[in-house]
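**Student:** generate a structure from the sequence data that follows.
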Amino acid sequence: MTAPIPRDIPDLPVIPGVATPLPALVPARAVLPLTRRPAAAAFRALVALAAAAGVGTELLLGNPLQAASHWSVQCGALVAAVFACSASRAWTARHPVSPLLTGGTLLYALVAGMVQHLLLTRGVGAFALTGANAALGTDDMAALAGGWQAMTGPLLHTVIPLAVAADWLLLTRPGVLRPSHAMKWLLFPLAYLAFTLVRGSLLADGSPTQYLYPFLDADTYGYRSVLPNALLLGLAIYTLAIALVAVDHIRPDPLRPRQDSPLDRWAPDNRRSRRNRRGPWGRRDRWDQLPENWISSPATSGLE
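**Tutor:** Sure, this is the predicted structure:
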């Protein structure tokens, strides 16, 4: 039997020329193994397909330029792209998409649903985003687009926001959103406001599609009313963004394995597994915790 190695080796000089390594902060994503998540990948792929179908239907059945100018259509295209990338990464066990991008997608999808249901007129007519396609007759377009737009409207304003929120709550880890993200997320709403006002000023006065949202109709209400409305809406979006960050830091982790309760440790299977983990002498010592496997000296800086 090999003699046990003493815990301290006396008179062993320190190795010259070796600098003491400084502690370094290594992110958990650099050392933790990644695993494939087929269920999350399938759900995100389904959401991406649904968003792409809604956006494609609005672009095909109506005026593409008018449809692409709507907030909900742009958000639907963003959801389709981000969730397709997230599905691919979950399927191939790669690092998830940046929380700055996924959090912004969540915020914009929620804004699309809340603006539609809280500010705009409810009903089937409220979901009609696009105008009649010039390639089709008025009657043909009404017959063709009536049924499809009755589905794409709720899809973009209700189903997609709920699906994005469900993915955030049930399939992502908490604590990744930062307060600094909220200010960055406001860049897209500001750019969309400028785009809407410039677009309305370039179109003919009195056109039914000059301003897509009544609270941004500068031709009817003037900029003195539109700009305060835009400011209040921006404050509401920023408040919602801060609320998302706060909820992200207090919600439970859906990906953490379930911890056994104190009563589970006394179950028969758990008691049997604890007996199987005992050492060769009936003790629960692990092999790397036995004294003969310890090495400590000034040269090794107390390694064990």
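
**Student:** now stretch 217-229: average pLDDT?
**Tutor:** Averaged across stretch 217-229, the pLDDT comes to 89.

**Student:** and that stretch, end to end?
**Tutor:** 10 Å (C-alpha to C-alpha, to the nearest Å).

**Student:** what's in contact with it?
**Tutor:** Residues lying outside stretch 217-229 but in contact with it, judged by C-beta atoms under 8 Å, 6 or more residues apart in numbering, are 197, 200-201, 205-206, 210-211, 214-216. No exception for glycine: its C-beta is placed from N, CA and C like everyone else's.

**Student:** in terms of helices and strands, where is the spatially closest residue to residue 105 that is not a sequence neighbour?
**Tutor:** Nearest residue to residue 105 in three dimensions, chain neighbours excluded: residue 82, at 4.8 Å (C-beta to C-beta, 6 or more residues apart in numbering). If you go by DSSP states H and E, residue 82 is part of helix 71-91.

**Student:** so which other helices or strands are in contact with that helix?
**Tutor:** Secondary-structure packing of helix 71-91 (3 or more C-beta pairs under 8 Å, 6 or more residues apart in numbering; DSSP states H and E): helix 38-61, helix 99-118, helix 160-171.

**Student:** contacts only, for the residue nearest to residue 105.
**Tutor:** Residue 82 sits next to 97, 101-102, 105 when contact means C-beta under 8 Å, 6+ apart.

**Student:** do that again at 10 Å, thanks
**Tutor:** By C-beta atoms under 10 Å, 6 or more residues apart in numbering, the contact list for residue 82 reads 44, 47-48, 51, 97-98, 101-102, 104-106, 109, 164.

**Student:** tell me the pLDDT at it?
**Tutor:** Residue 82 carries a pLDDT value of 97.

**Student:** residue 152 versus that one, what's the distance?
**Tutor:** Between residue 82 and residue 152 the distance is 19 Å, computed by C-beta to C-beta, to the nearest Å.

**Student:** kindly report the same for residue 225.
**Tutor:** In terms of C-beta to C-beta, residue 225 sits 31 Å off from residue 152.

**Student:** low-confidence regions, the stretch 1-150 of the chain specifically.
**Tutor:** Where the stretch 1-150 of the chain drops to pLDDT under 70, the residues are 1-33, 121-149.

**Student:** for the stretch 151-300 of the chain, what spans make up the helices?
**Tutor:** Along the stretch 151-300 of the chain, the stretches classed as helices by DSSP state H, counting those that start in this stretch are 160-171, 179-185, 187-202, 218-221, 223-250, 268-276.

**Student:** mean confidence for the second one?
**Tutor:** For helix 179-185, mean pLDDT is 95.

**Student:** got the CA positions of that helix in CSV?
**Tutor:** Extracted C-alpha coordinates of helix 179-185, given in CSV (Å, rounded to 0.1, in the frame of the first residue of the first chain):
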residue,chain,number,x,y,z
PRO,A,179,-32.0,49.0,-17.2
SER,A,180,-29.6,50.3,-19.8
HIS,A,181,-31.5,48.2,-22.4
ALA,A,182,-34.6,50.3,-21.8
MET,A,183,-33.1,53.4,-23.2
LYS,A,184,-31.7,51.6,-26.2
TRP,A,185,-35.1,50.1,-27.0
